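S.K.: Any chance you could fold what I've pasted below:
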Amino acid sequence: MARAHQAGWSPTPSQMTSKVDARGYFVLSKHVDVTFTIFEPIEVQLFDFTEAGIIFSLGIEIDPDGTTPSFESSYGVHGRIKARRVAVSFEPRAAGSS
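M.R.: This is a model prediction of the structure:
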């Protein structure tokens, strides 16, 4: 089993609203931590490891042999991992919390 979650950091998608704060930045809402748990990896193809990465797109393919999350990046690691089973969990969190 492997988890795509690093201590002290996790991917935090959010929704951009049309509101603007005092500094002129768009206000983000609906923050959530996402954890992918990989069970029984079959094939791993990962490239360009860095300390941090920015996921540009995420795709998930499901076939009789397993599940394959694949992702492209704007910066850092990209690739695909095929596994017998992949679990995805979501944990809401307050904006600005770490």
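S.K.: pLDDT weak spots in this structure?
M.R.: Confidence mapping of the chain against pLDDT under 70 gives the ranges 1-12, 95-98.
S.K.: Okay, strands next: where are they in it?
M.R.: Assigned by DSSP state E, the chain shows strands spanning 2-3, 15-20, 26-29, 32-47, 54-63, 66-75, 78-92.
S.K.: would you turn those into JSON lines with mean neighbour count?
M.R.: For the C-beta atoms, the positions are set from N, CA and C on the backbone; glycine is no exception. As requested, the strands of the chain are exported to JSON lines (neighbours: other Cβ atoms under 10 Å):
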{"stretch": "strand 2-3", "mean neighbour count": "12"}
{"stretch": "strand 15-20", "mean neighbour count": "10"}
{"stretch": "strand 26-29", "mean neighbour count": "12"}
{"stretch": "strand 32-47", "mean neighbour count": "14"}
{"stretch": "strand 54-63", "mean neighbour count": "11"}
{"stretch": "strand 66-75", "mean neighbour count": "16"}
{"stretch": "strand 78-92", "mean neighbour count": "15"}
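S.K.: For residue 94, see how far away the residue lying farthest from the centre of the chain is.
M.R.: The C-alpha centroid of the chain is most remote from residue 22, which lies 29.3 Å away (Cα atoms, centre = their mean). According to Cβ to Cβ, to the nearest Å, residue 22 stands 19 Å off from residue 94.
S.K.: and if you look at residue 24?
M.R.: 22 Å.
S.K.: can you check residue 32 too?
M.R.: Going from residue 32 to residue 94 by Cβ to Cβ gives 11 Å.
S.K.: you'd agree residue 88 is up against residue 34?
M.R.: Yes. Here residue 88 reaches residue 34: they are 6.8 Å apart, a contact under Cβ atoms under 8 Å.
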